[in-house]
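In: sequence and predicted structure are below.
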2 protein chains.
Amino acid sequence: MDQESANPKAPAGASKESRKPAARKRASRGPSIGDVAKAAGVSAQTVSRVSNGLTNVEESTKNRVLEAMKELGYRPNRAARALKSGQFKSIGVIMFTLSSFGNMRTLDAIATAASRAGYSVTLIPVQDPTTGTVSGAYERLREQQVDGVVVIFEAHLLDDTDISLPQDLPAVVIDSNPGFGYPMVDTDQAQGARFATQHLLDLGHQKVWHIGGPTTSFSATHREESWRRTLEEAGLEAPPVLHGDWSTESGYQIGLELGRKPELTAIFAANDQMALGAMRALHELGRRIPEDVSIVGFDDLDESTSFWPPLTTIHQDFYAVGRLSIENLLQQIGGTGSVNDVTTVPTSMVVRKSTAAPAVSARPTARKKRVAAEKG
Amino acid sequence: MDQESANPKAPAGASKESRKPAARKRASRGPSIGDVAKAAGVSAQTVSRVSNGLTNVEESTKNRVLEAMKELGYRPNRAARALKSGQFKSIGVIMFTLSSFGNMRTLDAIATAASRAGYSVTLIPVQDPTTGTVSGAYERLREQQVDGVVVIFEAHLLDDTDISLPQDLPAVVIDSNPGFGYPMVDTDQAQGARFATQHLLDLGHQKVWHIGGPTTSFSATHREESWRRTLEEAGLEAPPVLHGDWSTESGYQIGLELGRKPELTAIFAANDQMALGAMRALHELGRRIPEDVSIVGFDDLDESTSFWPPLTTIHQDFYAVGRLSIENLLQQIGGTGSVNDVTTVPTSMVVRKSTAAPAVSARPTARKKRVAAEKG
DNA sequence: GTGAAAGCGCTAACAA
DNA sequence: TTGTTAGCGCTTTCAC
């Protein structure tokens, strides 16, 4: 093994060598604008113009430059560009629980919309939603020189301080309360909850129970409020709410409790997973769905269509939420006119097999027979 | 409605305004290294040294600089740094279906591990896994000047071309086949499938059916191969495989088919969702779990613990996969010694309530009684 | 231990 | 239409 073919992975400690310019060719820093200029026989400026699609370049020159670019495999250096322009063409996303269905979908939409607009997405996952961690993430993002930030809140901060993000960086907040100081984008939680509750009311149910999400969650709160309001507007009193933590398991526990009430005929669960848990409990207790008890969820998971029975639920358009956040943010960044303070994404009702009119007492027998006939 | 409060959806065509420089104060380019230098009464280099934690600065000078930094709210400009060093301290992630449980978890781990190491994560979601889209994403990432790339493959490319990513950018591939040309990190699919199959065999089942994932999926293929091998090693013949598409619905359909076979006593499903669907089918067909049929899943979803019955499954450590990918990538970037070509993350068996010894015929009564006693 | 000079790749502004 | 000049904020020599 001679010196020539020595291991290229220059081991450390060779500081004696460090003076020597050596072979260490800086991991192929591709061709620069100057190289292209030379190759095409023009100035760097002209290359820059072509690179940026400016029009004031003669067709023939432009072609020459384009050819040279292709030949050399030129790609503009983003760092240099950013250094000049102060814009990184990148947006940051601060997110708590990455591992939830809705967040995933939203993130997917954000990343897609952003990259379509030529922006990259930098992700900062945060473990606990405290003021400190959020501010920290925000600071890190500023260091990264992002042009804007999307924050997915989901829940009140644990330490319950009102966080105030610096106002000098465009931002959009998802799943929060309005009046936060930043534009907000969110599913129309109130509408969805109203749909769900009204659907059960329309079927003839006299009492609609609610399995709520955690009280710290913004969306859970909004859903619960809307459920209550809908009942009140119908002249009904809202029964006490049982709160889960979004998990199937908590839905199961609550389902066990509710399922023991003989008068139970209708449940609106704040998400599909808790609805699933509740359904399991009802199955175990021998209460048929939807003959004995109707249940509506919220989210419309991919799986909900093949629950047993397929779940009637409220569809959330997470993609729209993500897309609109980026639209809003880009408007702020571009400084294009004023920006919506609150953007609301409508939900839709998906009626499947977990809801039906209540049995006997509340309804004429004729109806019950008809339902049975339809199923046969 | 006067002009001032006109619809914020700024209609196009307002190009007349674009000339006006207006108040747009270029989002506060914070203080530069020079400003800090001036404030501290030192040169910019000294500030740079302090900023980078070099030691050859006198304590008092250092403190003066630090103070000036804090005072001015200085934060280094990443673009300038990147321009100089050629390193962006950022890694790119190419990912197909964002909306799968495992991918989310993995992404979460990647983002966490990366940011812990001072790297940011740039996400590029790709719709269809074709050679074109992958190459495109890769190119975009290079333009972004990322220092390395993680590709989460999941499936053979649709056009089945062997993609060859340029070799000049460090990369790690997750969920692929080895020998791809890049280091690979993945769950030990074979081990997991063997655990699952052997578990059923150990319980006394003579025939273990398999609900496979899509044939294009690497992991599905690995699981199926391992299941087959395990059976063969036990001297048993593998029954025909029914392939789903990972969804609950496909599991349901296959469950309906399998459930009609009287001799069915044991199923190994390639993921938890298909197992869930199959369980629904079995419930509907009146076959009890685990008394009549045992079933094992793969993944260990959060919800699996509260399925009905709670699902016995193979736990995948997605966090480890993400973390190790970053470790590997960082090693490549840093050029620190050699790098593992294949990193395998072990699985673990989670025994819950969906598996038991087969009934009567296959086993001596004594055993059945003992199992029953244990359950009581 | 500290500072001065040069230049990374690009583009805005001006000059030709 | 094209080229020249200067400088974005930082770090890497090298000199003191």
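Out: Yep, it's here. All figures in this text were calculated on a predicted structure; none of them were measured in a lab.
In: check the residue nearest to residue A:186 when sequence neighbours are not counted and give its pLDDT.
Out: Closest residue in space to residue A:186, ignoring its immediate chain neighbours: residue A:175 at 5.5 Å, by CB to CB, 6 or more residues apart in numbering or on different chains. Every residue, glycine included, has its C-beta placed from N, CA and C. The model reports residue A:175 with a pLDDT of 80.
In: same question, residue A:130
Out: On the pLDDT scale, residue A:130 gets 76.
In: coming back round to it: can you get me a residue count around the residue nearest to residue A:186?
Out: The tally of other residues near residue A:175 (other CB atoms under 10 Å in any protein chain shown) stands at 23.
In: and the strands in the stretch 201-350 of chain A?
Out: Under the criterion DSSP state E, counting those that start in this stretch, the stretch 201-350 of chain A contains strands at A:209-212, A:242-243, A:266-269, A:294-296, A:313-315, A:342-345, A:348-350.
In: which ones are touching residue A:289?
Out: Residue A:289 makes contact with A:279, A:282, A:283, A:295, A:309, A:354, according to CB atoms under 8 Å, 6 or more residues apart in numbering or on different chains.
In: again but with residue A:115, I slipped
Out: A:121, B:124, B:125, B:140.
In: does it belong to a helix or a strand, and which?
Out: When elements are assigned from DSSP states H and E, residue A:115 belongs to helix A:101-116.
In: export that helix to CSV, keeping only CA atoms.
Out: Provided in CSV are the C-alpha atoms of helix A:101-116 (Å, rounded to 0.1, in the frame of the first residue of the first chain):
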residue,chain,number,x,y,z
PHE,A,101,-53.6,11.4,12.9
GLY,A,102,-54.7,15.0,12.4
ASN,A,103,-51.2,16.5,12.9
MET,A,104,-49.7,14.1,10.4
ARG,A,105,-52.2,15.0,7.8
THR,A,106,-51.8,18.7,8.5
LEU,A,107,-48.0,18.4,8.4
ASP,A,108,-48.2,16.6,5.1
ALA,A,109,-50.3,19.3,3.6
ILE,A,110,-48.0,22.0,5.0
ALA,A,111,-45.0,20.4,3.5
THR,A,112,-46.6,19.9,0.2
ALA,A,113,-48.0,23.4,-0.1
ALA,A,114,-44.8,24.9,1.1
SER,A,115,-42.6,23.0,-1.3
ARG,A,116,-45.0,23.8,-4.1
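In: what is the very next helix or strand once past that helix packed up against?
Out: Later in the chain than helix A:101-116, the nearest helix or strand by DSSP H and E is strand A:120-125. Applying 3 or more CB pairs under 8 Å, 6 or more residues apart in numbering or on different chains; DSSP states H and E, we find strand A:120-125 packed against strand A:90-95, helix A:101-116, helix A:131-143, helix B:101-116, strand B:120-125.
In: comparing the ones you listed, which gets the lowest mean pLDDT score?
Out: Note on these: helix A:131-143 shows the lowest mean pLDDT, a mean of 79.
In: determine the set of other helices and strands touching that one.
Out: strand A:90-95, strand A:120-125, strand A:148-152.
In: quick one: is it near DNA strand D?
Out: No. Helix A:131-143 does not reach DNA strand D (CB under 7 Å from any atom of the strand); its nearest approach is 10.1 Å.
In: show residues contacting the helix or strand hosting residue A:173.
Out: If you go by DSSP H and E, residue A:173 is part of strand A:171-174. Contacts of strand A:171-174 from elsewhere in the structure, counted by CB under 8 Å, 6+ apart, are A:106, A:148-153, A:165, A:180, A:182-186, A:321, A:325, A:328-329, A:332.
In: repeat that with 6 Å
Out: Applying CB atoms under 6 Å, 6 or more residues apart in numbering or on different chains, the external contacts of strand A:171-174 come out as A:149-153, A:180, A:182-185, A:325, A:328-329.
In: cool, stretch A:41-54 as well?
Out: A:33, A:34, A:36, A:37, A:57, A:62, A:65, A:76.
In: filter those residues down to the ones in helices?
Out: The members of those that map onto helices under DSSP state H are A:33, A:34, A:36, A:37, A:62, A:65.
In: so for the fourth one, what pLDDT did the model give?
Out: Pointing back at residue A:37 there. pLDDT, read off for residue A:37, is 91.
In: just give me the neighbour total for it.
Out: For residue A:37, the neighbour count with other CB under 10 Å is 18.
In: same question for the first one.
Out: Residues within reach of residue A:33, counting by other CB under 10 Å, total 19.
In: before we move on, what about the second one?
Out: Using other CB under 10 Å as the criterion, residue A:34 is surrounded by 11 other residues.
In: got JSON lines for the strands of the stretch 201-350 of chain A, with distance to chain B and mean pLDDT too?
Out: Below are those laid out as JSON lines (distance: least, CB to the nearest CB, whole Å; pLDDT from 0 to 100):
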{"stretch": "strand A:209-212", "distance to chain B": "14", "mean pLDDT": "98"}
{"stretch": "strand A:242-243", "distance to chain B": "16", "mean pLDDT": "98"}
{"stretch": "strand A:266-269", "distance to chain B": "14", "mean pLDDT": "98"}
{"stretch": "strand A:294-296", "distance to chain B": "15", "mean pLDDT": "98"}
{"stretch": "strand A:313-315", "distance to chain B": "14", "mean pLDDT": "98"}
{"stretch": "strand A:342-345", "distance to chain B": "11", "mean pLDDT": "94"}
{"stretch": "strand A:348-350", "distance to chain B": "15", "mean pLDDT": "98"}
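In: adding distance to residue B:219, write those out as CSV.
Out: Shown next, in CSV, are those (distance: least, CB to CB, whole Å):
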stretch, distance to residue B:219
strand A:209-212, 35
strand A:242-243, 37
strand A:266-269, 33
strand A:294-296, 34
strand A:313-315, 30
strand A:342-345, 34
strand A:348-350, 31
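In: so which of those comes closest to DNA strand C?
Out: strand A:342-345 (31.1 Å; CB to the nearest atom of the strand).
In: coming back round to it: so which of the contacts of strand A:171-174 wins on neighbours?
Out: When neighbours are counted by other CB under 10 Å, residue A:325 leads these with 30 neighbours.
In: interface residues of the stretch 51-200 of chain A facing DNA strand C?
Out: A:51, A:52, A:74, A:76, A:77, A:80, A:81, A:83, A:84, A:85.
In: again, only using 6 Å
Out: A:51, A:52, A:76, A:77, A:80, A:81, A:83, A:84 (CB under 6 Å from any atom of the strand).
In: mind listing what residue A:344 touches?
Out: For residue A:344, the contacting residues are residue A:188, by CB under 6 Å, 6+ apart.
In: make it 10 Å
Out: A:178, A:184, A:185, A:186, A:187, A:188, A:189, A:190, A:191, A:321, A:324 (CB atoms under 10 Å, 6 or more residues apart in numbering or on different chains).
In: now, which of these lie within helices?
Out: A:189, A:190, A:191, A:321, A:324.
In: thinking again about what came up before, in JSON lines, list the helices and strands packed on helix A:131-143 along with distance to residue A:315.
Out: Listed next are the helices and strands packed on helix A:131-143 as JSON lines, based on distance: least, CB to CB, whole Å:
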{"stretch": "strand A:90-95", "distance to residue A:315": "22"}
{"stretch": "strand A:120-125", "distance to residue A:315": "25"}
{"stretch": "strand A:148-152", "distance to residue A:315": "19"}
